[in-house]
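Colleague: below are the sequence and a predicted model for it; my questions follow.
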Amino acid sequence: MTNKKIPMRQCIGCGEMKAKKEMTRIIKNAEGAILLDATGRMNGRGAYICPNSSCLEKAIKSRGLERSFKMPIPKEVYEMLAKEMGELETR
């Protein structure tokens, strides 16, 4: 029997490679809006981050999202992502 391949993704905050199912996806959709994709199935360009606030802070500091999406990210978007990430942590 062959082992099933587990898809791996790199966190834009800490840079660790983890299984895709362990990560949270952030997308930029066709309209240019940046959203947290809890299901992992929304259309758009995706970037992956560990589901904790410390990795989000590292991504903000290192401008990981701006590099992934090749565009400047407003402060309001980071605040919205931090709020949604906090809600996911409490689940």
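Modeller: Nice, I can see it.
Colleague: show me where the chain has its strands.
Modeller: Counting by DSSP state E, the chain has these strands, from start to end: 8-10, 17-19, 24-28, 34-37, 45-49.
Colleague: which other residues reach the first one?
Modeller: Translated: strand 8-10. Counting by Cβ atoms under 8 Å, 6 or more residues apart in numbering, strand 8-10 makes contact with 16-20, 23, 48, all of which sit outside it. To be clear about C-beta, it is placed using only N, CA and C from the backbone, and glycine gets the same treatment.
Colleague: do a quick rundown of the helices in this structure.
Modeller: For the chain, helices defined by DSSP state H occupy the ranges 53-62, 64-69, 75-90.
Colleague: would TSV of the ones you listed with mean neighbour count and distance to Thr2 be doable?
Modeller: Listed next are those as TSV, based on neighbours: other Cβ atoms under 10 Å; distance: least, Cβ to Cβ, whole Å:
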stretch	mean neighbour count	distance to Thr2
helix 53-62	17	33
helix 64-69	18	32
helix 75-90	13	34
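Colleague: ok, residues contacting the helix or strand of the chain with the lowest mean pLDDT?
Modeller: Ranked by mean pLDDT, DSSP states H and E, the helix or strand of the chain with the weakest confidence is helix 75-90, at a mean of 90. The contact list for helix 75-90, computed with Cβ under 8 Å, 6+ apart, reads 24, 26, 34, 36, 38, 51-53, 56, 60, 65.
Colleague: any chance of the residues you listed in CSV, plus pLDDT and distance to Glu76?
Modeller: Putting the contacts of helix 75-90 into CSV (pLDDT from 0 to 100; distance: Cβ to Cβ, whole Å) gives the following:
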residue, pLDDT, distance to Glu76
Thr24, 93, 19
Ile26, 95, 15
Ile34, 94, 10
Leu36, 92, 14
Ala38, 84, 20
Pro51, 90, 21
Asn52, 89, 21
Ser53, 89, 17
Leu56, 92, 15
Ile60, 93, 13
Leu65, 93, 13
